[in-house]
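# sequence plus the predicted model coming up.
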Amino acid sequence: MSESKVITYEELKKNNKKDSLYILIHQKVYNVSKFIDEHPGGDEVILAETGKDATEAFEDVGHSDEARAILKDLYIGEFEKDGALKVKPAHNGGAANSQAVNTAVQQGSNMMYFVPLAMLGAYFAWRYYSNGSL
Ligand code: HEM
């Protein structure tokens, strides 16, 4: 895939109907027409992202690896560089990078539950043993 098709901003804006629907994520363009009816998040959220950079909306949801694998099949080309639409630069790694961040955030919030639970457990253990010895 050394020669990928370049999709212009005009094309991105034009393909905004369900039968031909282009979505821009991480500087790549995907035709989601075949997938949109199966989208677990519904069609409106995707339709709302036509003609613009959908990267943030897509990443904010914290889509799974499975969702990213689906994207691979829908890929149709690279978005034009220096076009009329300013796209956030994908710094080293792009998708892989933010996936790592998502995972880190998820692990962080697991700790948020684990630490208070562990403290509660420790408290009851302490109460149990100190009552027994008194
Ligand atoms: C265009 C490419 C997209 C693909 C291939 C895709 C795929 C998926 C998949 C497979 C899921 C199930 C959960 C998961 O595996 O992460 C999902 C859930 C979801 N998606 Fe997307 N999605 C896309 C775009 C979007 C966009 C642009 C939005 C806009 C905000 C969005 C919003 C959501 C929401 C809110 C859910 C959660 C639904 C629920 O659990 O009730 N998705 N998506």
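Arrived safely. Residues are numbered from 1 along each chain as shown.
# can you tell me the centre-most residue of the chain?
residue 59 (2.9 Å; C-alpha atoms, centre = their mean).
# please identify the helix or strand for it.
Under the criterion of DSSP states H and E, residue 59 resides in helix 55-60.
# got the buried residues for that helix?
By neighbour count on 16 or more other C-beta atoms under 10 Å, the buried set for helix 55-60 is 55, 57-59. No exception for glycine: its C-beta is placed from N, CA and C like everyone else's.
# packing partners for that helix?
In this structure, helix 55-60 makes packing contacts with strand 20-25, judged by 3 or more C-beta pairs under 8 Å, 6 or more residues apart in numbering; DSSP states H and E.
# what sits up against the strand it packs on?
With contacts defined as C-beta atoms under 8 Å, 6 or more residues apart in numbering, strand 20-25 is touched by 7, 11-12, 15-16, 29-33, 36, 46-47, 49-50, 52-55, 58, 71, 76, 79, 85, 87.
# strands of the chain, start to end?
If DSSP state E is used as the criterion, the strands of the chain fall at 6-7, 16-17, 20-25, 28-31, 75-79.
# with just CA atoms, put stretch 68-87 into CSV.
C-alpha atoms of stretch 68-87 as CSV (Å, rounded to 0.1, in the frame of the first residue of the first chain):
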residue,chain,number,x,y,z
ARG,A,68,-10.0,0.0,15.5
ALA,A,69,-9.8,-3.3,13.6
ILE,A,70,-13.1,-2.5,11.9
LEU,A,71,-11.6,0.9,10.8
LYS,A,72,-8.8,-0.9,9.0
ASP,A,73,-11.3,-2.6,6.7
LEU,A,74,-13.1,0.7,5.9
TYR,A,75,-9.9,2.7,5.0
ILE,A,76,-10.0,4.4,1.6
GLY,A,77,-7.1,6.9,1.7
GLU,A,78,-5.1,9.6,3.3
PHE,A,79,-6.6,13.0,3.9
GLU,A,80,-5.0,15.8,1.9
LYS,A,81,-2.2,17.6,3.7
ASP,A,82,-2.3,21.4,4.0
GLY,A,83,-5.9,21.3,2.9
ALA,A,84,-8.7,23.8,3.8
LEU,A,85,-9.4,21.8,7.0
LYS,A,86,-6.8,22.0,9.7
VAL,A,87,-6.2,18.6,11.1
